[in-house]
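Enquirer: Sequence and computational prediction follow.
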Protein chains: 2
Amino acid sequence: MSTAERLIESTRDLLWERGYVGTSPKAILERAGAGQGSMYHHFTGKPDLALAAIRRTAEELRAAADAVLDGPGTPYDRIAAYLRRERDVLRGCPVGRLTMDPDVIASDTLRAPVEETITWLRGRIAAVVDEGRRLGQFPAESDPDELAATVVATVQGGYVLARASGSPDAFDAGVRGLLALLAPRTPAAPATD
Amino acid sequence: MSTAERLIESTRDLLWERGYVGTSPKAILERAGAGQGSMYHHFTGKPDLALAAIRRTAEELRAAADAVLDGPGTPYDRIAAYLRRERDVLRGCPVGRLTMDPDVIASDTLRAPVEETITWLRGRIAAVVDEGRRLGQFPAESDPDELAATVVATVQGGYVLARASGSPDAFDAGVRGLLALLAPRTPAAPATD
DNA sequence: GTCTATACATCGATAGAC
DNA sequence: GTCTATCGATGTATAGAC
């Protein structure tokens, strides 16, 4: 792996673990096994390196979401798969957590990939909800955009509950509660009577 | 207001705005209009002052939640009131955001008030859900603890969506989606047929 | 109690040798 | 491309005057 690659990967780890404000160039360099010179040769500074790291993390998150949302099953199944997909719950969301970083939110450049990713995810899930609505799996009067926001919020908030309690259980409880609310009351399959 | 009071209030503001890692004693002192000596006279250091600030913020949050959850209306109404209560959405949750602060989570002392508050809130809402369930306002098979986790997670995650997009609208969308799912299908009032 | 002075490490960046 | 040396500013804490 090239030095630039190692710098990006180390930054990704540290942004996830400690956030932007809590991550220093020094810590990045130590983890990457590189000197100051390397970092400032490949990147203009901390924000530039962080941007590269955030973009890559965002890309990975989109790919992971696509994998389950494009998967097999009914719309409900795919949303359930998204909600239940394996996560490092106690580490939090590597993208969502950046919204609590004051320096990320203060910078349009750093916030952009975060905003794009969350907006994309909401749209992606809204499309699945809409599909389910047209199939009669969700109530006709459901608003796909709103339900999608609820789904994404439950996941993002689940991380908060889990980290507060120090256990992934709280995340799972929130997900189960939401799935119970979403569960089709009337089977989507053709009625048999 | 005493110097100690001003120090605590300044720390509360900064913890909300910038988190623990992003808040320096220097910034606190400037905002409080105090010198180094005052801070180290009243508190043993940054963690001690932060603990006092977090405890007070947690207390306020509990009082605000109590006000709506003990308010008038059916269980559904009170949960809706909690979800819709006025919030500084773009600032995020002054307690929940601390879960993304690595140094807060790393310290049992600092994490304790955060954990207690979130746990208390979940229990408080679970009791309201349970009351609604016994009234027939929520399905008999609902799990109060899980639904409560979903409610709290939607709020906490709503802050993430709002801060990502730079607008409170996303928070409101998530709340509306959840309320639509929670809305009693069958009126709790005695059937009239 | 509050202040200023000081200490010593770290932050983020630059300089310049190799 | 990578390294070490250095820089001025800030972070957190202590000392000691008033």
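Expert: Looks like it arrived, so ask away.
Enquirer: what ranges of chain A fall below the confidence cut-off?
Expert: Regions of chain A meeting the criterion pLDDT under 70 cover residues A:185-193.
Enquirer: Show me which residues of it sit near DNA strand D.
Expert: A:2-4, A:33-38, A:40-42 (Cβ under 7 Å from any atom of the strand). Using the backbone N, CA and C atoms, a C-beta is placed for each residue, glycine as well.
Enquirer: what's the longest helix in chain A?
Expert: Counting residues, the longest helix found in chain A (DSSP state H) is helix A:108-134.
Enquirer: near chain B at all, that one?
Expert: Yes: interface with chain B: helix A:108-134 contributes A:111, A:114-115, A:117-119, A:122 (Cβ under 8 Å from any Cβ of the partner chain).
Enquirer: So which residues on chain A come close to DNA strand C?
Expert: Contacts of chain A with DNA strand C, taken as Cβ under 7 Å from any atom of the strand, map to A:23-27, A:36-37, A:40, A:45-47.
Enquirer: Quick one, which of those residues are buried?
Expert: Using 16 or more other Cβ atoms under 10 Å in any protein chain shown as the burial test, these include A:23, A:25, A:27, A:46 as buried.
Enquirer: Report the contact partners of the first one.
Expert: A:T23 is in contact with A:11, A:14-15, A:46, A:50, counting by Cβ atoms under 8 Å, 6 or more residues apart in numbering or on different chains.
Enquirer: sec struct for it, please.
Expert: Following DSSP: H, G, I helix; E, B strand; the rest coil, we place A:T23 in the coil state.
Enquirer: Ok, the third one next?
Expert: A:A27 falls in the helix class when you classify it by three-state DSSP.
Enquirer: Count the residues that sit near the closest residue to it other than its chain neighbours.
Expert: Nearest residue to A:A27 in three dimensions, chain neighbours excluded: A:L14, at 5.9 Å (Cβ to Cβ, 6 or more residues apart in numbering or on different chains). A:L14 has 22 neighbouring residues, counting by other Cβ atoms under 10 Å in any protein chain shown.
Enquirer: Check chain A for the residue nearest DNA strand D and tell me.
Expert: Relative to DNA strand D, the nearest point of chain A is A:G37 (1.6 Å; Cβ to the nearest atom of the strand).
Enquirer: List the buried residues in stretch A:61-73.
Expert: Residues of stretch A:61-73 classed as buried: A:61-62, A:65, A:68-69 (neighbour count, 16+ other Cβ under 10 Å).
Enquirer: Which of the residues you listed fall in strands?
Expert: Taking DSSP state E, every one of these sits outside strands.
Enquirer: Could you point out which of those is nearest to A:T99?
Expert: Nearest to A:T99 out of the buried residues of stretch A:61-73 is A:L61 (Cβ to Cβ; 13.4 Å).
Enquirer: Helices of chain A, residue ranges please.
Expert: Applying DSSP H to chain A gives helices spanning A:3-18, A:25-32, A:36-42, A:46-69, A:75-84, A:102-106, A:108-134, A:144-165, A:169-182.
Enquirer: Now do the second one: which elements does it pack against?
Expert: What that stands for is helix A:25-32. Contacts defined by 3 or more Cβ pairs under 8 Å, 6 or more residues apart in numbering or on different chains; DSSP states H and E place helix A:25-32 against helix A:3-18, helix A:36-42, helix A:46-69.
Enquirer: And the fifth one, by the same measure?
Expert: Where contact means 3+ Cβ pairs under 8 Å, 6+ apart, helix A:75-84 is packed against helix A:46-69, helix A:108-134, helix A:144-165, helix A:169-182.
Enquirer: how much does it deviate in direction from helix A:144-165?
Expert: 30 degrees (axes from the mean of the first three to the mean of the last three Cα atoms, to 10 degrees).
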